[in-house]
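**Q** sharing a model that was predicted from the sequence below.
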Amino acid sequence: MALQSITKDELRERVDLLAVIGRHVRLQKAGLEHRGLCPFHTEKTPSFYVNPEKGLWYCRGACGTGGDVFRFVMLAEKLDFREAAELLANQLGFTLQTSQSEVRRADRRDRLGELLRLTAELYERALWNGEGGAVAREYLTQRGLTPSISRQFRLGYAPPGWDSLTRYLQRQGLSLADAEEAGLLKRRERGEGWYDRFRARVMFPIVDPQGRVVGFGGRVIDPHDEPKYLNSPESEIFNKRRLLYGLPHALDHLGQQVLVVEGYMDVIALHQHGQRNAVATLGTSLTGEHLRLLRRHTAQVVLCYDGDKAGVAATERAAAAFIEEGVDGRVLSLPGGQDPDDYLRSAGSAAFAQLLQDPPDLVDYRLRAALAASDGSAGGQQEAVLAAVTAVLADITDAPRQAQLVQRVAEWWAGQAIGLQEEFERTLTRTLRQRRGTVRGGARQTPRAAATAGRGELVAERLLAVLVQQPILVTAASAAGEQLVSPVHRELFAALAALPPGGDLAAALERCGEAASVLAARLACEPAETAPLQRLLDELACEALERQAAELRARREGLASEDFDELVALSRQLTEVLQNLERSRQALLRTDGMR
């Protein structure tokens, strides 16, 4: 008998969130929530919370991630959304109902996936069974890779002919247009037809967390060929910003630390030498999406890029993502600027493991690099050092940590016998204070404005916490939507505002991005906000006016004295804002007086 179909929303209503999570986590009731050890990272104290009423869960520990039942199954079972929904439907005795567009998209993804799977098998056979693969096998041997590790990573060989793969796919009766979309073939510029994208290369299949081939990287064997590495282009199923080479092999070995390197060969060599927590980006910088993916599985991310200028620049680019995502970032620099593959072959796995015991954190690494780059004895050195280290220290929001590093830099400065430590420390501190503002509306935000913005973000989260816990109040808070600054806060507020009375919050979050969904999950799983709604609305209004006043002051201070008319106009605007601010403060006092 055919299974009855069920929609995604009906499935969410029927599924028991506690039962689904309970298959992976031993949950205990804690107030209105349930808690347990997070299944996505190692911990001894429970930090994983579930709010069954809202249909949401959140990890307050190292992961910092959360979501609904579908997202939990996606992470726990390493499935995409559709696969997770189908699994849940089948467990309840249903089949998932899908729209025609979803069916077409899933069919296209399946076709591309099948093409990539067959191509990976063809390349593997060409490496191990064909005479033409002898040159590739010899190359891998010279690089120190054993047949066992090469087979484990499913390495292959793309023959040198222009149409070897093209003819094979034709014989299989497969669509060459689909093969072009999958990044396997390229259309001829003159005449009709296609030719192979990858030729005379060692092939590295790129596999997603579910173990499916989604793309390829190809490395030349002849050193005179260009480009040295060639990756699949972006496609329906291949997104470099969301994939890491070697991750499926590393997942069971991450523990408290993951090692991120630059190249495929580095990953394979590290795994061969027992360092099985290694992964690599796919010819792109480490992104926030990469870090969010890794943060679900481990607490610390160690960068081990090549010691050349490109590797140093890649490390510097990654710094912003680490700061934004709040991930513990470390940097491992190998002696002599070697890459991991070269170092392993020269020094061995024991020496590498020793270096990995306590790598310096990202800030220390950047600080040392900045000081080294500005080293010299010219009269203008102080300006060079200040510029270099300020760029690093300004990113640190922890005031005690920043002060500690300022003192360390000043001690270094005195050790160079260039100038007095106390004078340099004062100058650096003053420079950092001036740098704390960000550019907004063409004028530099003052420290006072920056602090006001920070308070406003805090009030906004408290307000959103009330609305997540009691969505019925969102109508009374409609004016707050225009006073929210953060795009994530605005996105969550819009989803709450669109929620019908008695609607499903978890379903409404489908319209949100990951950051807004995770924020909603966190607010739903935290202790209830006790401040009255009106108190928070008044406080948010005050913060918005204070921010506006601070920005007007900054614009006025940035004008030259001859800009008289504009100075007068800004002063009038500022006076009006300050009057409104005073009225809002009085309203806030009245609200407090009624409590």
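**A** That came in fine, so what should we check first? Numbers count the residues shown, from 1 in each chain.

**Q** any weak-confidence spans in the stretch 451-595 of the chain?
**A** 451-455, 558-563, 588, 591-595 (pLDDT under 70).

**Q** one more time with 90
**A** 451-462, 471-488, 490, 498-516, 518, 526-595 (pLDDT under 90).

**Q** residue ranges of the helices in it, please?
**A** Secondary structure of the stretch 451-595 of the chain (DSSP state H, counting those that start in this stretch): helices located at 487-497, 505-508, 514-525, 533-557, 564-593.

**Q** just name the most buried of the ones you listed.
**A** Highest mean neighbour count of the helices of the stretch 451-595 of the chain: helix 514-525, a mean of 23 (counted as mean count of other C-beta atoms under 10 Å). C-beta here means a position set from N, CA and C on the backbone, and glycine is covered the same way.

**Q** one step back: can you redo the helices of the stretch 451-595 of the chain as a markdown table with distance to Asp308?
**A** A markdown table is the format used below for the helices of the stretch 451-595 of the chain (distance: least, C-beta to C-beta, whole Å):
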| stretch | distance to Asp308 |
| --- | --- |
| helix 487-497 | 37 |
| helix 505-508 | 48 |
| helix 514-525 | 34 |
| helix 533-557 | 42 |
| helix 564-593 | 50 |
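
**Q** for those helices, which one sits closest to Asn90?
**A** Closest to Asn90 of those, according to C-beta to C-beta: helix 505-508, at 20.2 Å.

**Q** and that closest one, what does it pack onto?
**A** Secondary-structure packing of helix 505-508 (3 or more C-beta pairs under 8 Å, 6 or more residues apart in numbering; DSSP states H and E): helix 8-14, helix 487-497.

**Q** TSV for these, including distance to Glu461?
**A** Formatted as TSV, the helices and strands packed on helix 505-508 follow (distance: least, C-beta to C-beta, whole Å):
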stretch	distance to Glu461
helix 8-14	26
helix 487-497	7
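
**Q** quick one, which of those is nearest to Gly61?
**A** Proximity to Gly61 (C-beta to C-beta) singles out helix 487-497 among the helices and strands packed on helix 505-508, at 20.7 Å.

**Q** from the chain's centroid, how far away is that closest one?
**A** 20 Å (C-alpha atoms, centre = their mean, to the nearest Å).

**Q** got the contact list for it?
**A** Residues outside helix 487-497 that contact it (C-beta atoms under 8 Å, 6 or more residues apart in numbering) are 457, 460-461, 464, 467-468, 471, 474, 478, 480-481, 484, 505, 508-509, 511-513, 515-516, 519-520.

**Q** hmm, try it at 7 Å
**A** Contact with helix 487-497 is made by 460, 464, 467, 471, 474, 480-481, 484, 508-509, 511-513, 515-516, 519-520, as judged by C-beta atoms under 7 Å, 6 or more residues apart in numbering.

**Q** and it, C-alpha only, in CSV?
**A** What follows is helix 487-497, C-alpha atoms only, in CSV (Å, rounded to 0.1, in the frame of the first residue of the first chain):
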residue,chain,number,x,y,z
PRO,A,487,20.5,43.2,9.8
VAL,A,488,20.2,39.9,11.7
HIS,A,489,17.9,41.6,14.3
ARG,A,490,15.9,43.1,11.5
GLU,A,491,15.5,39.8,9.8
LEU,A,492,14.3,38.0,12.9
PHE,A,493,11.9,40.8,13.8
ALA,A,494,10.4,40.7,10.2
ALA,A,495,9.9,36.9,10.6
LEU,A,496,8.2,37.4,14.0
ALA,A,497,6.0,40.2,12.6
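
**Q** now do Glu181 against Phe238, distance only.
**A** Using C-beta to C-beta, to the nearest Å, Glu181 is found at 10 Å from Phe238.

**Q** if we can go back for a sec, and Leu88, which of the helices of the stretch 451-595 of the chain is closest to it?
**A** Closest among the helices of the stretch 451-595 of the chain, using C-beta to C-beta: helix 505-508, at 13.1 Å.

**Q** just to revisit the earlier point, Glu181 and Phe238: which is more packed in?
**A** Per other C-beta atoms under 10 Å, whichever of Glu181 and Phe238 has more neighbours is Phe238, with 22 against 18.

**Q** how close does that one get to Val103?
**A** Distance from Phe238 to Val103, counting by C-beta to C-beta: 21 Å.

**Q** ok, now Leu545?
**A** The spacing between Leu545 and Val103, counted by C-beta to C-beta, is 52 Å.

**Q** please apply the same query to Tyr305.
**A** Applying C-beta to C-beta to Tyr305 and Val103 gives a distance of 43 Å.

**Q** what about these two, which has more around it?
**A** Comparing Tyr305 with Val103 by other C-beta under 10 Å, the one with more neighbours is Tyr305, at 26 against 10.

**Q** where in this protein is the helix or strand with the lowest mean pLDDT?
**A** Taking mean pLDDT, DSSP states H and E as the measure, the chain has strand 439-440 as its least confident helix or strand, at a mean of 32.

**Q** Val267 reaches Pro248, doesn't it?
**A** No. If you go by C-beta atoms under 7 Å, Val267 and Pro248 don't touch, sitting 11.5 Å apart.

**Q** these two: who's more crowded?
**A** When neighbours are counted by other C-beta under 10 Å, Val267 and Pro248 differ, and Val267 comes out ahead with 28 against 17.

**Q** does the more buried one sit in a helix or strand, and which one?
**A** helix 264-272 (DSSP states H and E).

**Q** could you list the low-confidence segments of the stretch 51-200 of the chain?
**A** Counting by pLDDT under 90, the stretch 51-200 of the chain has low-confidence residues at 60-65, 74-86, 89-110, 129-132, 189-192.

**Q** now do the helices in it.
**A** Going by DSSP H, counting those that start in this stretch, the stretch 51-200 of the chain shows helices at 69-77, 81-91, 100-128, 134-142, 147-152, 164-171, 176-181.

**Q** rebuild those helices as CSV, extending it with distance to Thr575.
**A** Listed next are the helices of the stretch 51-200 of the chain as CSV, based on distance: least, C-beta to C-beta, whole Å:
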stretch, distance to Thr575
helix 69-77, 49
helix 81-91, 53
helix 100-128, 55
helix 134-142, 75
helix 147-152, 72
helix 164-171, 73
helix 176-181, 61
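
**Q** pick the most buried one from these.
**A** It is helix 69-77: most buried of those by mean count of other C-beta under 10 Å, with a mean of 20.

**Q** in CSV, list the C-alpha atoms belonging to that helix.
**A** Provided in CSV are the C-alpha atoms of helix 69-77 (Å, rounded to 0.1, in the frame of the first residue of the first chain):
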residue,chain,number,x,y,z
VAL,A,69,14.1,19.5,14.1
PHE,A,70,15.1,19.5,10.5
ARG,A,71,18.4,21.3,11.2
PHE,A,72,19.2,18.9,14.0
VAL,A,73,18.7,15.8,11.8
MET,A,74,20.8,17.5,9.0
LEU,A,75,23.7,17.9,11.4
ALA,A,76,23.3,14.6,13.3
GLU,A,77,22.8,12.5,10.2
